[in-house]
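A.B. asks: Sequence first, then the predicted structure:
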Amino acid sequence: MDVRDDVVDILAGFALFADLSTPQLESLVETFGEETYVEGDRVLRQGLTGSSFYVILDGSASIRVDGVDRASLRAGDYFGEISCLLGVPPTADIVARGTLRCLVLPAQELESFLVGHPQVMYRLLQGEARKVRTTTRWLS
């Protein structure tokens, strides 16, 4: 099994890509880049422009707002989508906790990717709805 097949197998288990066929997953692996970060690396920086859409393959990261850890991300989670879709700077730092391996899609390519993969767009929308619901619960 080569690295590409390994990534396809990992993605097949993620809710975001659950509706994609194996050929679609293989195409996705060709479309996205892959980056690895080490402990303490800031993948996204709060308030700075120049974002991408990230999907965590392996490892974990902290969501840090104004220097305070607020939540954790792990394999299957994604981030950067709001900055990409709205063209605004991230509202948090994303900091690697140990080795972090991600698929990465530049912001300018996210819209065309989602339009070409409406199943992923729907799953992304579901994820955003869950985040809003959780935030609403925290605030009430």
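C.D. replies: Sure thing, it's come through. Numbers count the residues shown, from 1 in each chain.
A.B. asks: When you work out contacts or count neighbours from here on, use the C-alpha atoms and nothing else.
C.D. replies: Noted.
A.B. asks: any idea which helix is longest in this structure?
C.D. replies: helix 118-139 (DSSP state H).
A.B. asks: Tell me which residues of that helix come out buried.
C.D. replies: Using 16 or more other C-alpha atoms under 10 Å as the test for burial, helix 118-139 gives 119-121, 123-124, 127.
A.B. asks: And stretch 94-107, by the same measure?
C.D. replies: For stretch 94-107, a neighbour-count test (16+ other C-alpha under 10 Å) marks 94-97, 100-107 as buried.
A.B. asks: what's the farthest-apart pair in these?
C.D. replies: Largest separation among those by C-alpha to C-alpha: Arg97 and Ala107, giving 23.8 Å.
A.B. asks: the helices in the protein, which residues?
C.D. replies: Taking DSSP H as the test, the helices found in the chain are 3-12, 22-31, 81-86, 107-116, 118-139.
A.B. asks: Rounded mean pLDDT for the second one, please.
C.D. replies: What that stands for is helix 22-31. For helix 22-31, mean pLDDT rounds to 94.
A.B. asks: how close does Val55 get to Leu139?
C.D. replies: 27 Å (C-alpha to C-alpha, to the nearest Å).
A.B. asks: Point out the ones among the buried residues of stretch 94-107 that are inside strands.
C.D. replies: If you go by DSSP state E, those have 94-97, 100-106 in strands.
A.B. asks: Which residue lies nearest the spatial centre of the protein?
C.D. replies: Compute the mean C-alpha point of the chain, and by C-alpha atoms, centre = their mean the closest residue is Tyr78, 2.2 Å away.
A.B. asks: For the residue nearest to that residue when sequence neighbours are not counted, give me its contacts.
C.D. replies: Closest residue to Tyr78 apart from its sequence neighbours, by C-alpha to C-alpha, 6 or more residues apart in numbering: Val55 at 4.3 Å. Going by C-alpha atoms under 8 Å, 6 or more residues apart in numbering, Val55 touches 75-79, 102-104.
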